[in-house]
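Novice: 3D, please:
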Amino acid sequence: MVEQIRVRRPTDLGLAVASARHARGLTQEQLADEAGIDRTYLARLEAGLSTLLLERMLRLLRRCGADLVVLLPSEPPDGDAR
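Specialist: The predicted model follows:
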């Protein structure tokens, strides 16, 4: 079974990122290292704190009637997703 998270606000995206990270059994530090970003930036994303670009993109999608959906697999992915 695949979990779906509908992303309409930055907090939804933060939940999706945190859920995916937890499903892989990673700490924020580990995921940030894998993604090549600072851990504090990841923490801000997971907390739903947004960037102006993210806010604009989500607004554009809503205005077009489009949905952004994050699919979380029920099992950890095989191999390296980087």
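Novice: going forward, measure contacts and count neighbours with C-alpha atoms only.
Specialist: Fine.
Novice: low-scoring stretches of the chain, by residue?
Specialist: 1, 50, 76-82 (pLDDT under 70).
Novice: hey, which helix is longest across it?
Specialist: Assignment by DSSP state H gives helix 10-23 as the longest helix of the chain.
Novice: hmm, who's touching that one?
Specialist: 5-7, 27-28, 31, 45-50, 54-55, 70, 72, 75-76 (CA atoms under 8 Å, 6 or more residues apart in numbering).
Novice: next step: those restricted to strands.
Specialist: I5, R6, V7, V70, L72 (DSSP state E).
Novice: please check the residues you listed and keep the buried ones.
Specialist: Using 16 or more other CA atoms under 10 Å as the burial test, the ones in strands among the contacts of helix 10-23 include I5, V7, V70, L72 as buried.
Novice: could the residues you listed be laid out in TSV, adding distance to A35?
Specialist: Listed next are those as TSV, based on distance: CA to CA, whole Å:
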residue	distance to A35
I5	21
V7	21
V70	18
L72	18
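Novice: what is the burial count for L61?
Specialist: 13 (other CA atoms under 10 Å).
Novice: show me what counts as buried in the helix or strand containing it.
Specialist: Secondary structure from DSSP states H and E places L61 in helix 52-63. For helix 52-63, burial by neighbour count (16+ other CA under 10 Å) applies to L58.
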